[in-house]
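Q: sequence first, predicted coordinates after that:
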Amino acid sequence: MENKSAYQEMIICKPPNLKNKMEMPKLSGLIEILKETIKILHSKNGKLIAKITSIYIIIVSLATISYINLSSFLQHDLLAKETFLILNSPTPPSYTEVYAAVKPDLVLILGLSLFLNLFTIFLYVFTMTATILASAETYSSEKATISFKELMMKVKSSIKRPIITLLYIYLIGIGLSVIVLFFLGSLAFLIENRSVILPTAVVVGILASILWLYLYVVFQLGMTVSIIEEGICGIQAIAKAGRIVKGKRLYGFVFNLVVQMANLIAVIPFMKMNTNGNQSMVYKGIALVILSSFSGILAMFFHMFYTVLYFQCNKIHGKSETGLMGVYEYVKLPYGEVAVDQDLP
């Protein structure tokens with residue numbers, strides 16, 4: 001009985017006190033992350049991050065302006081062909097004849113749109129990877145500096161992982177969008193009063209957007225994990241982000257909400273200008289450059305913020321998680337038996 005009691009005392013341990021970990025995050029924690037983010041911006045690597053962001057803004061602005069001008073020219077050419085076909089035909093042209101006339105322009109417009117979207121996404125991931133790697137280098141050691149060549153080599157070896165993670169995030173986003181649309185369609189079918197459908201759809205849309213911003217904390221942190229940590233990407237990176245963000249998720253959600261509101265405030269005037277046919281292409285181009293600059297700077301700060309958030313979360317949960325996975329091994333033993341190494345004297 002004494003051996004059995006001693007063994008029971010040996011295997012029974014007091015659970016850790018989780019009271020402090022379960023407390024609601026305070027505003028001071030968010031301010032601390034913002035301060036650390038600003039420190040990175042003022043470091044030597046911060047200048048390199050600013051240069052990369054400037055290059056990103058210039059390339060995106062030039063590519064978008066070129067696309068707008070070229071697509072506008074193609075649309076005018078498309079309308080001219082359709083008008084010419086209608087005026088020079090003795091009978092109204094059929095749909096097949098109109099489609100055959102405008103098909104080359106349609107294919108070209110769609111191809112340019114697809115190319116611009118893919119190019120912008122790749123450039124965004126490239127810039128995000130460079131920003132996070134340079135920020136991580138600074139946060140892990142304030143005196144550490146990295147050259148542009150070294151950074152580009154790191155980006156080259158790391159960029160595949162965030163692309164895979166981003167693909168998973170897109171798939172999850174598409175799935176959630178289908179669920180929301182199915183829910184709205186069901187409501188429209190069930191609600192008899194048609195005047196209530198639009199307000200209901202607006203409310204559901206707002207709630208879905210807030211939910212997405214809350215979920216995106218894990219998604220963006222998963223992108224950061226896949227960039228900084230080697231050999232982890234996709235759903236594994238997202239899962240790890242979900243584990244280590246516990247206790248600090250509210251910080252990311254509040255920050256996402258502020259960034260989204262800032263983007264919305266910046267985009268609305270540009271959309272109004274774009275719908276106004278009286279504005280010249282020069283003014284629209286200038287507005288586009290300003291909008292691209294604002295969005296690029298905001299994205300830079302966004303990625304730096306999540307780099308700091310990653311290190312703070314990893315400091316609390318990452319090490320304990322690694323310790324539990326790498327050190328301890330649990331083995332089920334029969335009740336009352338003690339495992340004894342036979343080689344011991």
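A: Now that the structure is in, tell me what you want to look at. Residues are numbered from 1 along each chain as shown.
Q: now find how far off-centre the helix or strand hosting Leu288 is within its chain.
A: Per DSSP states H and E: Leu288 is located in helix 281-313. Between the centre of helix 281-313 and the centre of its host chain there is 13 Å, according to CA atoms, centre = their mean, to the nearest Å.
Q: which parts of that helix are buried?
A: 284, 287-289, 291-296, 298-313 (16 or more other CB atoms under 10 Å). C-betas here are computed from N, CA, C, even on glycine.
Q: swap in stretch 150-160?
A: Leu151, Lys154, Val155, Ser158, Ile159.
Q: quick one: those residues as TSV, columns for distance to Thr120 too.
A: Conversion of the buried residues of stretch 150-160 to TSV gives the following (distance: CB to CB, whole Å):
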residue	distance to Thr120
Leu151	21
Lys154	22
Val155	17
Ser158	20
Ile159	15
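Q: adding pLDDT, write the residues you listed out as TSV.
A: Putting the buried residues of stretch 150-160 into TSV (pLDDT from 0 to 100) gives the following:
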residue	pLDDT
Leu151	91
Lys154	92
Val155	93
Ser158	91
Ile159	93
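Q: now stretch 108-121 - C-alpha only, CSV.
A: Presented in CSV, the C-alpha positions along stretch 108-121 are these (Å, rounded to 0.1, in the frame of the first residue of the first chain):
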residue,chain,number,x,y,z
LEU,A,108,-8.3,40.2,-74.3
ILE,A,109,-10.1,42.2,-71.6
LEU,A,110,-10.7,39.0,-69.5
GLY,A,111,-7.2,37.9,-70.0
LEU,A,112,-5.7,41.2,-68.9
SER,A,113,-8.0,41.2,-65.9
LEU,A,114,-6.9,37.7,-64.9
PHE,A,115,-3.2,38.5,-65.4
LEU,A,116,-3.5,41.8,-63.4
ASN,A,117,-5.2,40.0,-60.5
LEU,A,118,-2.7,37.1,-60.4
PHE,A,119,0.2,39.5,-60.7
THR,A,120,-1.1,41.8,-57.9
ILE,A,121,-1.7,38.8,-55.6
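Q: for it, the averaged confidence score.
A: Stretch 108-121 shows a mean pLDDT of 88.
Q: so what touches it?
A: Val60, Ala63, Thr64, Tyr67, Leu70, Ser71, Leu74, Gln75, Leu78, Leu166 (CB atoms under 8 Å, 6 or more residues apart in numbering).
Q: just the buried residues of it, please?
A: Ile109, Leu116, Thr120.
Q: okay, now stretch 189-199: how far is its last residue from its first?
A: 15 Å (CA to CA, to the nearest Å).
Q: what mean pLDDT does that stretch have?
A: 79.
Q: circling back: the helix holding Leu288 - contacts with which helices or strands?
A: helix 27-41, helix 44-87, helix 95-140, helix 197-228, helix 249-275 (3 or more CB pairs under 8 Å, 6 or more residues apart in numbering; DSSP states H and E).
Q: thinking again about what came up before, out of the buried residues of stretch 150-160, which sit inside strands?
A: Per DSSP state E, strands hold no members of the buried residues of stretch 150-160.
Q: just the closest of those residues to Ile31, please.
A: Leu151 (28.9 Å; CB to CB).
Q: ok, now how distant is that closest one from Ala134?
A: Computed as CB to CB, to the nearest Å, the Leu151 to Ala134 distance reads 6 Å.
Q: between the two, which contacts overlap?
A: Leu48.
Q: hang on, the earlier thing: which one of the buried residues of stretch 150-160 is nearest Val218?
A: Looking across the buried residues of stretch 150-160 and measuring by CB to CB, the closest to Val218 is Ser158, at 20.0 Å.
Q: list of residues touching stretch 34-46?
A: By CB under 8 Å, 6+ apart, stretch 34-46 touches 49-50, 134-135, 137-139, 142, 144-146, 301, 304-305, 307-308.
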